[in-house]
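A.B. asks: Just need the structure, nothing else, for what follows:
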Amino acid sequence: MIEKKLDRAITDFIWNVVEIHAQLEDIHASWAGLLGITQPQWLIMMAITELDEGRGVAGIEIANKLRVHPAFVTNQTKTLEKSGLLSRRPAADDARFVLMSLTAKAKTEIEKLSKRRLALNSTMFNELDEKTLAELNGALATIARNARLAARLLAIDAS
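C.D. replies: Below is the predicted model:
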């Protein structure tokens, strides 16, 4: 059984995560607004930036990264393609997969925001050094893994 102090610490942690999530959504919505796109479209572009190693990124990879349905990614990337921020092409080895890449226009627009993004990150992580962030990321990865397990267990209990 979890003792009272630990339970309080866990509850505080959860509410801090909720607060951080809400603030990050607002920040992402602001970045998206500067590009004239939606917050989910901004996150798709950021996922592509993170995942693309020069060959393009499959929609399923983006969906997995963002934890959304692949059909949502397909719908949103078609809109981004129409706005000239994304290119979509069939994979050379399997035409069932569409690979997506940011266009030169998108890369230029994101680069224009880079100084502001660095300043924002500096503000958000002001009192944390690289070692502290590495330890925090390790702890968060453990919590994320355990949360996935807990969600699966809860789903089993509910059925």
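
A.B. asks: and the single longest helix found in the chain, what does it pack onto?
C.D. replies: When the chain is scanned for its longest helix (criterion: DSSP state H), the result is helix 4-35. Of the remaining helices and strands, those touching helix 4-35 by 3 or more CB pairs under 8 Å, 6 or more residues apart in numbering; DSSP states H and E are helix 39-51, helix 104-124. All C-beta atoms are positioned from the backbone trio N, CA, C, and that covers glycine.

A.B. asks: Turn those helices into JSON lines, including distance to Asp12, mean pLDDT and mean neighbour count.
C.D. replies: Below are the helices and strands packed on helix 4-35 laid out as JSON lines (distance: least, CB to CB, whole Å; pLDDT from 0 to 100; neighbours: other CB atoms under 10 Å):
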{"stretch": "helix 39-51", "distance to Asp12": "27", "mean pLDDT": "97", "mean neighbour count": "19"}
{"stretch": "helix 104-124", "distance to Asp12": "19", "mean pLDDT": "94", "mean neighbour count": "12"}
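
A.B. asks: can I get those helices in CSV with distance to Ser30?
C.D. replies: Converted to CSV, those look like this (distance: least, CB to CB, whole Å):
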stretch, distance to Ser30
helix 39-51, 9
helix 104-124, 9
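
A.B. asks: and of those, who's closest to Gly84?
C.D. replies: helix 104-124 (5.1 Å; CB to CB).
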